[in-house]
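In: sequence unknown, structure follows:
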């Protein structure tokens, strides 16, 4: 009897031990370029959960970006960590990253096309991942923040987008009625790269029909969520990062629940 009882008590522990973060390759080809993204979620539960397109910083899909996707996904989201460059482009330093992002900043139509394609690929995972197609959003960091803001500007059918220390300039402004997603942008008060465009961004948002918030995080510079960054203009800030993640989750929860 004691053996049976021990076996029964061990079942939850065994299940917990078997649960793991799934990393599944998601690949597609567009314009002759092969893209290699990663679907990230916890397989502990069978219930469907919201899906997020996540565009990383200008270093693209790498181990650090996968770790950040794991941390954000937890047991709450299914995340498509999105390759915006193509599988042959994996920057190893700032110079290579600048080269990688230049074609997309120069051609915002191309940026919008690629990030919309990523959204379509996330939706296509619904048959094999615990994804709720009624609750979709996008988040992005630095360059990725620019990309998800452009996703919102394109009129993508999303509940929300959240940009962390992303460039704010529109490139190709949206039509006033294009915004379907609720827009949250969070930037450091001392971010000399993005904050000069804050006024133009807010003018754009005011002219739109979007539900939007622009949050300025005091004492933070660029890269405030990027662990390990520690240069004067690009520095991780644990306090700003924690605050921004809390605001992200609150924003997404409200958008998915369709609360004001």
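Out: Thanks, I have it. Owing to the predicted nature of the structure, the values given are computational and were not obtained by experimental measurement.
In: Give me the below-cutoff pLDDT ranges for the stretch 1-150 of the chain.
Out: Scanning the stretch 1-150 of the chain for pLDDT under 70 picks out 1-19.
In: what about the helices in it?
Out: 2-18, 63-73, 94-106, 108-123, 143-153 (DSSP state H, counting those that start in this stretch).
In: Tabulate these in CSV, adding columns for distance to residue 159 and mean neighbour count.
Out: For glycine as for every other residue, the C-beta is placed from the backbone atoms N, C-alpha and C. Formatted as CSV, these follow (distance: least, Cβ to Cβ, whole Å; neighbours: other Cβ atoms under 10 Å):
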stretch, distance to residue 159, mean neighbour count
helix 2-18, 31, 9
helix 63-73, 16, 17
helix 94-106, 25, 15
helix 108-123, 12, 19
helix 143-153, 11, 27
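In: can you tell me which of the ones you listed comes nearest to residue 54?
Out: Closest to residue 54 of the helices of the stretch 1-150 of the chain, according to Cβ to Cβ: helix 63-73, at 5.6 Å.
In: Now residue 43. Nearest residue, chain neighbours left out?
Out: residue 22 (5.1 Å; Cβ to Cβ, 6 or more residues apart in numbering).
In: is residue 138 in a bridge, and if so with what?
Out: In this entry, residue 138 is beta-bridged to residue 53, residue 161, by DSSP bridges.
In: same question, residue 37
Out: residue 26.
In: That one: neighbour count?
Out: 24 (other Cβ atoms under 10 Å).
In: Could you check how far it is from residue 115?
Out: Distance of residue 37 to residue 115, given as Cβ to Cβ, to the nearest Å: 11 Å.
In: and for those two, which residues touch both?
Out: Here residue 37 and residue 115 share the contacting residues residue 82, scored by Cβ atoms under 8 Å, 6 or more residues apart in numbering.
In: who's in contact with residue 245?
Out: Contacts of residue 245 (Cβ under 8 Å, 6+ apart): 72, 225.
In: Just the buried residues of the helix or strand it falls within, please?
Out: Following DSSP states H and E, the helix or strand that holds residue 245 is helix 238-257. Across helix 238-257, burial judged by 16 or more other Cβ atoms under 10 Å covers 240-241, 243-245, 247-248, 251-252, 254-256.
In: That concludes my questions; thank you for your assistance.
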